[in-house]
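Participant: Only the shape, not the letters, is given here:
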């Protein structure tokens with residue numbers, strides 16, 4: 001069967017609408033000579049804006065108008081203007097008008113789901129082989145989807161109407177690529193969408209000749225259970241049945257509990273008066289603020305309780321963002337030993353010790369977070385320019401506001417930290433890790449020209465993400481480019497870890513601690 005390719009010579013999706021408005025004509029006149037300096041025509045109520053005055057009258061008159069003082073006594077006894085300088089406005093007319101506006105119309109789309117199974121992560125298990133359902137959508141009234149077309153692993157297919165069912169078959173570990181688009185009665189087509197589909201035999205038999213299957217679909221058009229953003233960004237499938245513990249999110253907080261002997265955390269609890277270690281030499285504290293052995297022993301019950309009090313929130317954030325709960329927990333242990341206040345390093349905040357560079361990364365790379373966060377600080381019009389196009393002072397204001405969200409120091413709170421704000425900030429660190437995922441995807445693509453899932457394993461992509469979080473894109477980019485130049489086949493953490501420069505070597509033990 002031959003499939004027609006997505007249309008190229010197609011009608012523009014646009015229409016013209018006529019709207020009614022009122023045109024206002026204003027004169028800007030001088031007080032002293034009562035001469036019209038310029039005419040300003042606008043289409044909104046109220047006085048002309050500064051930008052409209054500048055455009056209609058020029059910079060000279062605009063600056064003189066800007067510096068015009070109030071005029072309280074308009075005339076003298078003879079009716080002449082008295083001691084007034086500069087310019088004043090006079091409304092000349094308000095005329096009903098109509099104008100045409102060109103409006104872009106939305107394109108058709110295609111959505112992808114499964115028929116015959118509704119798999120739940122992380123296993124995405126199906127008892128029987130399901131079918132892939134491609135559902136076309138035409139947003140224009142009086143128009144319809146007339147065909148859904150595509151390529152399944154290079155084999156063309158075409159379905160009349162707005163729905164297309166494709167029986168799935170077992171694939172390799174890498175899965176198979178599907179391209180698909182919809183044709184509209186309007187005379188055009190949707191853009192070409194892609195999906196990566198993996199179907200693996202589970203080896204579990206439910207009936208003679210029938211096995212269960214693990215089914216994964218990666219696509220921006222997927223309508224099933226939300227896909228973790230990093231998985232989508234990388235086009236990388238997680239391993240089946242052997243996901244390492246550090247990439248897991250337990251469904252019970254007891255399974256996330258730890259009992260680490262954190263000397264730094266013990267020292268903060270002693271210093272804040274939560275723990276009484278007066279029986280220890282020097283009150284149980286070393287000169288650097290860490291607890292000594294006696295101080296840790298005195299604080300141990302409190303240390304164990306403190307490090308696990310955020311576990312329920314970590315699990316909730318992990319489930320909503322797709323960032324593994326164990327990575328979040330391990331990262332907090334490494335960065336702050338679960339102490340959210342500022343102590344070890346100035347200008348690093350919260351459980352994950354966010355820095356100015358980290359705030360910059362999340363605002364630049366995590367677009368959905370930026371769109372939600374920016375209007376809380378700056379105007380919507382300013383935010384609409386995008387973080388990269390903001391002025392340096394506006395970017396700095398956003399980064400500062402982000403850091404404040406993670407800062408838990410509170411002089412009036414028990415133990416000197418705001419634990420409510422600490423729990424809230426856990427989501428910020430998950431968003432930062434998601435931004436690091438996106439940054440890693442770009443770094444890998446820049447080095448290899450391939451999607452990350454084609455050249456690196458799911459586990460190693462997370463190792464790269466943690467490395468990027470800690471060392472920054474400069475350290476990671478050099479190591480990945482150097483590794484790829486040497487191998488040109490695969491990117492593996494074991495090799496990339498040997499490529500960090502001397503200044504970046506601290507990244508390696510950091511990643512190993514979090515992913516052990």
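Facilitator: That came in fine, so what should we check first? Just so you know, these numbers come straight off a predicted model, no measurement behind them.
Participant: can you pull the contacts of residue 432?
Facilitator: For residue 432, the contacting residues are 352, 354, 358, 361, 362, 366, 469, by Cβ atoms under 8 Å, 6 or more residues apart in numbering. (Glycine included, C-beta is placed from N, CA and C.)
Participant: among those residues, who's most crowded?
Facilitator: If you count neighbours using other Cβ atoms under 10 Å, the busiest of the contacts of residue 432 is residue 469, which has 28 neighbours.
Participant: Identify each buried residue in the lengthiest helix in the chain, please.
Facilitator: Once the chain is assigned using DSSP state H, the helix that runs over the most residues is helix 419-448. Using 16 or more other Cβ atoms under 10 Å as the test for burial, helix 419-448 gives 419, 421-441, 443-444, 447-448.
Participant: Next, count neighbours for the residue nearest to residue 66 when sequence neighbours are not counted.
Facilitator: Nearest residue to residue 66 in three dimensions, chain neighbours excluded: residue 50, at 7.3 Å (Cβ to Cβ, 6 or more residues apart in numbering). The local packing of residue 50 (other Cβ under 10 Å) involves 11 other residues.
Participant: show me where the stretch 101-250 of the chain has strands.
Facilitator: Using DSSP state E, counting those that start in this stretch, the strands of the stretch 101-250 of the chain run over 109-115, 125-126, 131-137, 145-152, 155-160, 163-167, 176-184, 193-207, 210-218.
Participant: what distance separates the longest helix of the chain from the middle of the whole chain?
Facilitator: Relative to its chain's centre, helix 419-448 lies at 8 Å (Cα atoms, centre = their mean, to the nearest Å).
Participant: tell me the average confidence for it?
Facilitator: Across helix 419-448, the average pLDDT comes to 93.
Participant: Pull out the buried residues from whichever helix or strand comes after that helix.
Facilitator: Sequence-wise, the next helix or strand downstream of helix 419-448 (DSSP states H and E) is helix 452-455. By 16+ other Cβ under 10 Å, the buried positions in helix 452-455 come out as 452, 453, 454, 455.
Participant: tell me the domain ranges of the chain?
Facilitator: Split into domains by automatic domain parsing, the chain comes to 15-104, 109-227, 250-321.
Participant: residue ranges of the helices in the stretch 351-500 of the chain, please?
Facilitator: Taking DSSP state H, counting those that start in this stretch, the helices of the stretch 351-500 of the chain run over residues 356-365, 367-373, 380-383, 392-406, 419-448, 452-455, 458-471, 473-487, 493-496.
Participant: Out of the ones you listed, flag the one nearest residue 339.
Facilitator: Among the helices of the stretch 351-500 of the chain, helix 419-448 comes nearest to residue 339, with 9.6 Å by Cβ to Cβ.
Participant: between the closest one and helix 356-365, how big is the angle?
Facilitator: Angle, helix 419-448 to helix 356-365, by axes from the mean of the first three to the mean of the last three Cα atoms, to 10 degrees: 70 degrees.
Participant: so who does the residue positioned nearest the centre of the chain touch?
Facilitator: Nearest to the geometric centre of the chain sits residue 366, at 2.3 Å (Cα atoms, centre = their mean). Contacts for residue 366 were tallied using Cβ under 8 Å, 6+ apart; they are 431, 432, 434, 435, 438.
Participant: Format those residues as CSV; extra columns: distance to residue 194.
Facilitator: Shown next, in CSV, are the contacts of residue 366 (distance: Cβ to Cβ, whole Å):
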residue, distance to residue 194
431, 26
432, 28
434, 21
435, 23
438, 18
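Participant: so which of those comes closest to residue 127?
Facilitator: Distances from residue 127 to the contacts of residue 366, taken as Cβ to Cβ, are shortest for residue 434 (32.6 Å).
Participant: Touching, that closest one and residue 320? I think so.
Facilitator: No. Using Cβ atoms under 8 Å, residue 434 is not in contact with residue 320; the gap is 11.2 Å.
Participant: Quick one: closest of the helices of the stretch 351-500 of the chain to residue 159.
Facilitator: Checking these against residue 159 by Cβ to Cβ gives helix 452-455 as the closest, at 28.1 Å.
Participant: Output the contacting helices and strands for the closest one.
Facilitator: Judged by 3 or more Cβ pairs under 8 Å, 6 or more residues apart in numbering; DSSP states H and E, the packing partners of helix 452-455 are helix 229-234, helix 419-448.
Participant: Nearest to residue 330 among these would be which one?
Facilitator: Taking Cβ to Cβ as the criterion, residue 330 comes closest to helix 419-448 out of the helices and strands packed on helix 452-455, the separation being 11.6 Å.
Participant: re the thing from before, for residue 476, state which of the buried residues of helix 452-455 is nearest.
Facilitator: Distances from residue 476 to the buried residues of helix 452-455, taken as Cβ to Cβ, are shortest for residue 452 (12.5 Å).
Participant: In contact with the closest one: list those residues for me.
Facilitator: Taking Cβ under 8 Å, 6+ apart, we find residue 452 in contact with 233, 234, 235, 236, 440, 441, 444, 445, 461.
Participant: Would you check how far apart it and residue 196 are?
Facilitator: The gap separating residue 452 from residue 196 is 12 Å, by Cβ to Cβ, to the nearest Å.
Participant: Give me the common contacts of the two.
Facilitator: Common neighbours of residue 452 and residue 196, using Cβ under 8 Å, 6+ apart, are residue 235.
Participant: Out of the contacts of residue 432, which two are the most distant from each other?
Facilitator: Farthest-apart pair in these is 352 and 366; separation 14.4 Å (Cβ to Cβ).
Participant: Surely residue 96 forms part of a helix?
Facilitator: No. Residue 96: not assigned to a helix; according to DSSP: H, G, I helix; E, B strand; the rest coil it is strand.
Participant: show me what contacts it?
Facilitator: Residue 96 sits next to 20, 21, 22, 23 when contact means Cβ under 8 Å, 6+ apart.
Participant: pretty sure residue 354 contacts residue 403?
Facilitator: Yes. Counting by Cβ under 8 Å, residue 354 does reach residue 403; the two are 6.2 Å apart.
Participant: on that earlier part again, weakest of the strands of the stretch 101-250 of the chain in terms of mean pLDDT?
Facilitator: For these, where the average pLDDT is lowest is strand 193-207, sitting at a mean of 83.
Participant: Can you tell me the strand partners of it and which way each runs?
Facilitator: Using DSSP bridges, the strands paired with strand 193-207 are strand 176-184 (antiparallel), strand 210-218 (antiparallel).
Participant: which of the residues in the last one are buried?
Facilitator: To tie it back to what came earlier, the one meant is strand 210-218. Across strand 210-218, burial judged by 16+ other Cβ under 10 Å covers 212, 213, 214, 215, 216, 217, 218.
Participant: Same question for the first one.
Facilitator: Neighbour-count burial for strand 176-184, with 16+ other Cβ under 10 Å as criterion, is recorded at 176, 178, 179, 180, 181, 182, 183, 184.
Participant: Lowest pLDDT pick from the contacts of residue 432?
Facilitator: Across these, the smallest pLDDT goes to residue 358, namely 80.
Participant: With adjacent residues omitted, what lies nearest to residue 497?
Facilitator: Spatially, and ignoring its direct neighbours in sequence, residue 497 is nearest to residue 508 (4.9 Å; Cβ to Cβ, 6+ apart).
Participant: now residue 402, nearest residue through space, not along the chain?
Facilitator: Counting by Cβ to Cβ, 6+ apart, residue 402 lies nearest to residue 359, which is 4.3 Å off, once chain neighbours are set aside.
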